[in-house]
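[1] whatever this is, show me its structure:
(chains A, B, C and D)
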Number of protein chains: 2
Amino acid sequence: MNNVQEESLRDQKKNRRRLLILEIARTIISTKGLKSLKVRDVAEAAGCSVGSVYNEFGDFDGVILTVNQETVQALTARLAGVSAEDPVRQLYGLAETYLEFFAEHANLLRSLFEHRMEDDRPYPDDILQMVMDAFALMHPPLVRLLPDADDVKIALLSRTLFSAVHGIISLGLEERMVAVPPQLLRQQVEQFLDAHLAGLGILPLR
Amino acid sequence: MNNVQEESLRDQKKNRRRLLILEIARTIISTKGLKSLKVRDVAEAAGCSVGSVYNEFGDFDGVILTVNQETVQALTARLAGVSAEDPVRQLYGLAETYLEFFAEHANLLRSLFEHRMEDDRPYPDDILQMVMDAFALMHPPLVRLLPDADDVKIALLSRTLFSAVHGIISLGLEERMVAVPPQLLRQQVEQFLDAHLAGLGILPLR
DNA sequence: AGGTTAATTTGAACAATGTTCACATGAGTA
DNA sequence: TACTCATGTGAACATTGTTCAAATTAACCT
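    Numbers count the residues shown, from 1 in each chain, chains lettered A, B, ... in the order given. Predicted structure coming up:
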């Protein structure tokens, strides 16, 4: 037995194809929306049969969910890159980074938040946990800014604040509604944080 | 010509059936979610053929959009019932009424916010306008509370605040995520408003 | 290398569902 | 009552997710 597991030719092809399928699906969702994602289109673009998509992902939801999972991962990575030096700046940074990411990948985020499972199967726990974790990223800076507050309350506050920012951004970017121009939306988010942090007794940036 | 337009037998049946179809569709969306809405199920429950559904609504989106439109109308009616006596109480009342309505009709609200049109047809303007109007209901009380502020800024603030509340509620009630218990969610919304209004220089309720 | 085997891939067939339209039905009218 | 035409019907079609028996092919053995 070789400890350094050699990747067999089969596994190589399989892995390459898996990545290819995901990249194609992501591109379609991103450019044309989740409703335009079709098994046959993906299979054809990947140069394989529809059966292979099913072998790899179980069902079509599997493809969507994997794309969604990678979307949360990418989002989390971006949010994790926000400087934690100054906690107030960090809060603004998280909100503005979320705005940037959402604007760049609106359809991917919509797929993440709007996709409903077939029948009544539950949404995978790991993805949900990753979203919750991302939304909890405001927790550390808030703890630093409100050292006397109960940790559970801060956890709730963190979720509330991030949900509020999410609402402002997702509706603001909703082109169905009269979309708010990006620059205005940025101001909107900043002014929202200004007021809210002030209300929490935290000295805002401006 | 009779000015008091007599409703012909045909029109009676047609109207009755139209209402029946809408009621059935609304019930299915409300109880089992938008994804479970099927033309054949609706037609069978309404005791007519699928063709009649198409005659009445053009296509299946037509049924969904009409249900969505009635949802906004019902929401607007509920929100309009909030007392405007005290502007601060009115803001809390709007948020809490939205929470109540959303909790009672979660799947209908999701249908309104998550439904995407087939192909790339645009979402009907009148429905969008009604949603925008509902979200503008915080405008009057805010004008009273911030008499010196620019009206355009208040309009934006109104939209921002309502969007934030929407985000907190829609994610809070998302059973996919770890749903926040209703009573806790109510507190969450209230505390959110407490902080935000304080930050705007408005004396909150508590 | 060639033969054997087992895993993988394939795509035709099936199932579910939105959509159409030629025909049947029946309300309105003379 | 008979005629006409708007309306209703549902079988047939189009699209798309899903399955699975058969073909393919990588892996292994001698």
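
[2] going forward, measure contacts between C-alpha atoms and count neighbours the same way
    Noted.

[3] please, which helix or strand holds the residue nearest to the spatial centre of chain A?
    Centroid check for chain A by CA atoms, centre = their mean gives A:Val72 as the closest residue, at 3.5 Å. Using DSSP states H and E, A:Val72 maps to helix A:60-80.

[4] chain neighbours aside, what residue packs nearest to A:Ser49?
    Leaving out its chain neighbours, the residue that sits closest to A:Ser49 by CA to CA, 6 or more residues apart in numbering or on different chains is A:Ala43, at 5.5 Å.

[5] gap between the one you found and A:Leu20?
    10 Å (CA to CA, to the nearest Å).

[6] show me what from chain A comes close to DNA strand D.
    A:8-11, A:36-40, A:50-51, A:54, A:58-61 (CA under 7 Å from any atom of the strand).

[7] pick the one among the residues you listed closest to B:Ile127.
    Nearest to B:Ile127 among the residues of chain A next to DNA strand D: A:Ser36, at 23.3 Å, using CA to CA.

[8] if we can go back for a sec, the helix holding A:Val72: how far from the chain's middle?
    Helix A:60-80 sits 6 Å away from the centroid of its parent chain (CA atoms, centre = their mean, to the nearest Å).

[9] any residue of that helix up close to chain B?
    No - using CA under 8 Å from any CA of the partner chain, no contact is recorded between helix A:60-80 and chain B, whose separation bottoms out at 13.4 Å.

[10] got the contact list for that helix?
    Outside helix A:60-80, the residues that touch it by CA atoms under 8 Å, 6 or more residues apart in numbering or on different chains are A:22, A:25-26, A:39, A:53-54, A:57, A:94, A:97-98, A:101, A:108-109, A:111-112, A:117-118, A:127, A:130-131, A:134, A:137.

[11] check stretch A:46-58 too.
    With CA under 8 Å, 6+ apart as the contact definition, stretch A:46-58 has outside contacts at A:17-18, A:20-21, A:24, A:39-40, A:43, A:59-60, A:63.

[12] closest one to chain B out of the residues you listed, please.
    A:Phe60 (15.1 Å; CA to the nearest CA).

[13] how many neighbours does the closest one have?
    A:Phe60 has 15 neighbouring residues, counting by other CA atoms under 10 Å in any protein chain shown.

[14] low-confidence regions, chain A specifically.
    Scanning chain A with the threshold set as pLDDT under 70 gives A:1-7, A:9, A:177-178, A:206.

[15] buried ones in the helix or strand hosting A:Glu56, by neighbour count?
    Element membership of A:Glu56, judged by DSSP H and E, is helix A:50-57. Neighbour-count burial for helix A:50-57, with 16 or more other CA atoms under 10 Å in any protein chain shown as criterion, is recorded at A:53, A:56-57.

[16] does stretch A:179-199 reach chain B?
    Yes - residues of stretch A:179-199 contacting chain B under CA under 8 Å from any CA: A:188, A:192, A:194-199.

[17] against B:Glu104, how distant is A:Pro182?
    The value you get for A:Pro182 to B:Glu104, if CA to CA is used, is 34 Å.

[18] these two: who's more crowded?
    A:Pro182 (15 against 12).

[19] how close does the more buried one get to A:Arg176?
    Relative to A:Arg176, and taking CA to CA, A:Pro182 is found at 15 Å.

[20] how about the helices in chain A?
    A:9-32, A:39-46, A:50-57, A:60-80, A:87-104, A:106-114, A:125-135, A:139-145, A:151-172, A:182-199 (DSSP state H).

[21] interface residues of chain A facing DNA strand C?
    A:10, A:13-14, A:47-52, A:55-56.

[22] one step back: so which of the contacts of stretch A:46-58 wins on neighbours?
    Once you tally neighbours by other CA under 10 Å, A:Ile21 ends up highest among those, having 25 neighbours.

[23] wait, doesn't that residue sit right on A:Arg40?
    No - with contact taken as CA atoms under 8 Å, A:Ile21 and A:Arg40 are classed as non-touching, separated by 11.4 Å.

[24] closest one to B:Lys153 out of the buried residues of helix A:50-57, please.
    Nearest to B:Lys153 among the buried residues of helix A:50-57: A:Phe57, at 48.9 Å, using CA to CA.
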